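Participant: How does the following fold in three dimensions:
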Amino acid sequence: MDASLWRRALLLAVVFSGVANLLMLVPTLYMLQVYDRVLISRNLGTLAAVSLIAVYLFAMMAFAEWARSNVLARLGGALESSLAPRVFAANFAARLRATADLPNRVFADLTELRQFLASGGATAVLDLPWSPVYLGVLFLLHPWLGLSALLFAMVQLAVAVVTHLNVLKPAMALSQLQAQESTFIQGHLRSVEAAHVMGMTPAITARVMRLHGTFNEAHGQVVSLTQRQAAISRFVRYLQQSLILAVGALLVIDSQISAASMIAANILMNRALSPIDTIVATWRAVLSARQARLRLLAFLAAHEPGAIQTSPAQSNPQQPRRAAMIGPDVALQGLAPQDLAVHVRNLVARAPSRDAPILKGLDFEAPPGSITLVMGPSGSGKSTLMRALAGAWPDLEGEVLIAGEPIEATTDARRAALIGSVPQDTELFEGSIAENISRFASPSQATAQAVIEAARACGLHELILRLPAGYDTPLGSLGSGLSAGQRQRIALARALYGNPPVLILDEPNANLDDLGETALVQALRSRREQGATVFLVSHNPLMKAIADRVLILSDGRITSLQPVPPSTAPRLQPAAQPPMPQP
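Facilitator: Sure thing, here's the model as predicted:
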């Protein structure tokens, strides 16, 4: 939401709040007129006139309160709508960085802020500045009434401060315990099968119960503190109401004010202290909204794209300008084949949990129309290299240039046009098979022919046609309902969609059967003949038979980069495809 629009909307809410609070004086003025004028004069015309005016002003007051609530509710909705894309992008970036403190409730914080703006706590904050106005009216009725109300207001503020000091730290600790418990439960629910098979369920359940017990204990302490402070606040409030009546009665007995002024003083003091009382009563909601706001600000500052510099290269002021000049609208067909080479210069990759870098100064280049097989022992940095080539590793030094562009400074649209990737962990999304293959492109961008071509390239087309809804078959979360091999072949079709000139495949045949592996080999050979640059992690000899060269990593360093001698392996036969169903 634009800052100027936000300020105007907030100013409008303040104006409506001012009108409503000024009109809150109407009941007091009406009562004074009835007691001090109508009852003395016994004039029915005066009573009718005063009553009609009061009814009109009451209607205006009700409209002002409705308008204020409506503006605050719309303001909360606009705040959520404007921040939601930023929060999602920052959440996406944080999970891409795989930091130790992954967010788990940022959207809940955003919803909490929206709900707070439409709650009584927000209106009480807007009403609070009008308390001095009511105190001023009390001083006009009589100085002793004003001084008494001022003293009571100071006592109520003291109660609010004590409540804040007593509840703040326990409430923050409770919020952290809740987040810890939720993270633990969600993490273990994702591995429920392994826990069940290997008998880990009792131990995990016991640990969850310990966390839940700690949370319940902390929750009970916070509730007890809050209820105690609320009881003290109610005691003070009732005491104030009685004492202001006592002060008014003394003044009436001394003939300094009328009985109507005594009753009016009680109403005015209640109105003056009502915002404070509401804030004390909703203190947990106020604190929770405040914590949600601070968490959101800290989260956006730490993870929002554009606020994160992932490498010294990004701090170079010339590189953002270079990426902006290239832009996503430049057609790949305008680049010569030699321009699509991949250059890696002094590449160093680090992780927050490790002191030593994972990749240690890699230097190599891959020409177009080549397949580079990356091999090495576990922990040597193969998957890290694949993520770095794809622009998905956050903490990099050195350069990865694709088509002459630094990958970390390339726009999302440009990177999508350049790269097709199959990560080590196959990730599909809730949606149809066609949507997953087309990368959820809009219908104007994704044509049925392009999706079918990508599916045919990895031998998936006929398999999809045999499904009940074909390409429109819905996939559950993470591709549930399909076998691991089927998910991997759909991920491969997604990588091939649009014929990107660079393919980065991390163990793409880990779950494939013989038919799937044969289709993969044919697809890679076809893409190489079309000039694509392919990087492939695999320990399967079948993949080595089609590679042009082998890059071997050990402890984050290149120990060998040699061309593959002509293979003497038997020539692969085309995969047998089942007949296509007749329409």
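
Participant: Name the SS class of Phe364, please.
Facilitator: When classified by DSSP: H, G, I helix; E, B strand; the rest coil, Phe364 comes out as strand.

Participant: can you tell me the helix or strand for the closest residue to it other than its chain neighbours?
Facilitator: Nearest residue to Phe364, sequence neighbours excluded (Cβ to Cβ, 6 or more residues apart in numbering): Val344, at 5.3 Å. For glycine as for every other residue, the C-beta is placed from the backbone atoms N, C-alpha and C. For Val344, the host element (DSSP states H and E) is strand 342-349.

Participant: ok, residues contacting that strand?
Facilitator: Residues from elsewhere that reach strand 342-349 (Cβ atoms under 8 Å, 6 or more residues apart in numbering): 357-366, 381, 384-385, 388-389, 393, 395-402, 502, 533, 535, 556.

Participant: Now with 7 Å, please.
Facilitator: Under the contact criterion Cβ atoms under 7 Å, 6 or more residues apart in numbering, strand 342-349 has outside partners 357-366, 384, 388-389, 393, 395-402, 502, 533.

Participant: Next: stretch 427-441.
Facilitator: Contacts for stretch 427-441 (Cβ under 7 Å, 6+ apart): 416, 446, 451, 454-455, 464, 471-479, 487, 490-491, 493-494, 497.

Participant: same thing but 6 Å
Facilitator: Stretch 427-441 is contacted from outside by 446, 451, 454, 464, 471-475, 477, 479, 487, 490, 493-494, 497, using Cβ atoms under 6 Å, 6 or more residues apart in numbering.

Participant: cool, stretch 496-506 as well?
Facilitator: Defining contact as Cβ under 6 Å, 6+ apart, one finds that stretch 496-506 is touched by 340, 383, 386, 389-390, 402, 418-424, 437-438, 454, 457, 532-537.

Participant: Straight-line length of that stretch, end to end?
Facilitator: End-to-end span of stretch 496-506 (Cα to Cα, to the nearest Å): 14 Å.

Participant: Angles on the backbone of Thr473, please.
Facilitator: The phi/psi pair for Thr473 (degrees, to the nearest 10) reads phi -60, psi 120.

Participant: neighbours around the residue lying closest to Ala351 once chain neighbours are set aside, how many?
Facilitator: The shortest distance from Ala351 to any residue other than its chain neighbours is 5.9 Å, reached at Ile358 (Cβ to Cβ, 6+ apart). For Ile358, the neighbour count with other Cβ atoms under 10 Å is 20.

Participant: so Ile358 sits right up against Gly381, yeah?
Facilitator: Yes. Between Ile358 and Gly381 there is a contact at 5.0 Å, judged by Cβ atoms under 6 Å.

Participant: which strands and helices sit next to the helix or strand encompassing Val15?
Facilitator: Element membership of Val15 [criterion: DSSP H and E] is helix 3-23. Other elements packing on helix 3-23 under the criterion 3 or more Cβ pairs under 6 Å, 6 or more residues apart in numbering; DSSP states H and E are helix 44-97.

Participant: lowest average confidence, helix or strand, in the chain?
Facilitator: Sorted by mean pLDDT, DSSP states H and E, the helices and strands of the chain end with helix 318-326, the least confident at a mean of 32.

Participant: quick revisit: for burial, what's the neighbour tally of the residue nearest to Phe364?
Facilitator: Neighbour count for Val344, taken as other Cβ under 10 Å: 21.

Participant: ok, now Phe139?
Facilitator: By the criterion of other Cβ under 10 Å, Phe139 has 15 neighbours.

Participant: Surely it is in contact with Ser148?
Facilitator: No. Contact criterion Cβ under 6 Å: Phe139 and Ser148 do not qualify, at 10.4 Å.

Participant: Contact partners for the residue nearest to Ala351?
Facilitator: By Cβ under 6 Å, 6+ apart, the contact list for Ile358 reads 349, 351, 381, 384, 556.

Participant: Same question for Leu150.
Facilitator: Applying Cβ under 6 Å, 6+ apart, we find Leu150 in contact with Leu135.

Participant: Quick check: it is in a helix.
Facilitator: Yes. Under three-state DSSP, Leu150 sits within a helix.

Participant: Roughly how far does it sit from Leu273?
Facilitator: If you measure Leu150 against Leu273 using Cβ to Cβ, to the nearest Å, the figure is 11 Å.

Participant: Restricted to helices, list the contacts of stretch 496-506.
Facilitator: Assigned to helices by DSSP state H, the following of the contacts of stretch 496-506 qualify: 383, 386, 389, 418, 437, 454, 457.

Participant: Ramachandran angles for Arg466?
Facilitator: Dihedral pair for Arg466: phi -80, psi -10, per degrees, to the nearest 10.

Participant: ok, it - how many residues close by?
Facilitator: By the measure other Cβ under 10 Å, the count of residues near Arg466 is 10.

Participant: Compute the number of surrounding residues for Val342.
Facilitator: Quick note: Val342 (other Cβ under 10 Å) scores 24 neighbours.

Participant: what about Leu373, which SS state?
Facilitator: With three-state DSSP as the basis, Leu373 sits in strand.

Participant: How many neighbouring residues does Ser370 have?
Facilitator: For Ser370, the neighbour count with other Cβ under 10 Å is 19.

Participant: Per-residue pLDDT of it, please?
Facilitator: We have a pLDDT of 92 for Ser370.

Participant: Setting the sequence-adjacent residues aside, check what's closest to it.
Facilitator: Distance criterion Cβ to Cβ, 6+ apart; nearest residue to Ser370, sequence neighbours excluded, is Asp548 at 4.6 Å.

Participant: Let's see the pLDDT reported for that neighbour.
Facilitator: pLDDT, read off for Asp548, is 91.

Participant: Quickly note the distance from it to Asp36.
Facilitator: As defined by Cβ to Cβ, Asp548 lies at a distance of 101 Å from Asp36.

Participant: Ala9 now?
Facilitator: Going from Ala9 to Asp36 by Cβ to Cβ gives 42 Å.

Participant: just to revisit the earlier point, buried subset of the contacts of stretch 496-506?
Facilitator: Neighbour-count burial (16 or more other Cβ atoms under 10 Å) applied to the contacts of stretch 496-506 gives 340, 383, 386, 389-390, 402, 418-423, 437-438, 454, 457, 532-537.

Participant: element containing Ile552?
Facilitator: Secondary structure from DSSP H and E places Ile552 in strand 549-554.

Participant: wait, I meant Ile504
Facilitator: Counting by DSSP H and E, Ile504 is part of strand 502-506.

Participant: and that strand, which strands flank it?
Facilitator: strand 419-422 (parallel), strand 533-537 (parallel) (DSSP bridges).

Participant: before we move on, back to that, okay, the next helix or strand after the helix holding Val15 in PDB with CA atoms only?
Facilitator: As assigned by DSSP H and E, the chain's next helix or strand after helix 3-23 is helix 26-33. Extracted in PDB, the C-alpha atoms of helix 26-33 (Å, rounded to 0.1, in the frame of the first residue of the first chain):
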ATOM      1  CA  VAL A  26     -24.100  14.500  23.800                       C
ATOM      2  CA  PRO A  27     -25.500  12.200  26.500                       C
ATOM      3  CA  THR A  28     -23.900  14.400  29.200                       C
ATOM      4  CA  LEU A  29     -25.200  17.600  27.600                       C
ATOM      5  CA  TYR A  30     -28.600  16.100  27.000                       C
ATOM      6  CA  MET A  31     -28.900  15.000  30.600                       C
ATOM      7  CA  LEU A  32     -27.800  18.400  31.900                       C
ATOM      8  CA  GLN A  33     -30.500  20.100  29.700                       C
END
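
Participant: mind giving me the domain split of the protein?
Facilitator: 1-119, 130-281, 312-322+338-563 (automatic domain parsing).

Participant: Tabulate those domains in TSV, adding columns for distance to Ala301.
Facilitator: Formatted as TSV, these follow (distance: least, Cβ to Cβ, whole Å):
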stretch	distance to Ala301
domain 1-119	9
domain 130-281	19
domain 312-322+338-563	16
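
Participant: if you compare those, which one is most tucked away?
Facilitator: Most buried of these, by mean neighbour count (mean count of other Cβ atoms under 10 Å): domain 312-322+338-563, with a mean of 18.

Participant: for it, the distance to its chain's centre please.
Facilitator: Between the mean C-alpha location of domain 312-322+338-563 and the chain-wide mean there is a distance of 27 Å, by Cα atoms, centre = their mean, to the nearest Å.

Participant: Appreciated, that's everything.
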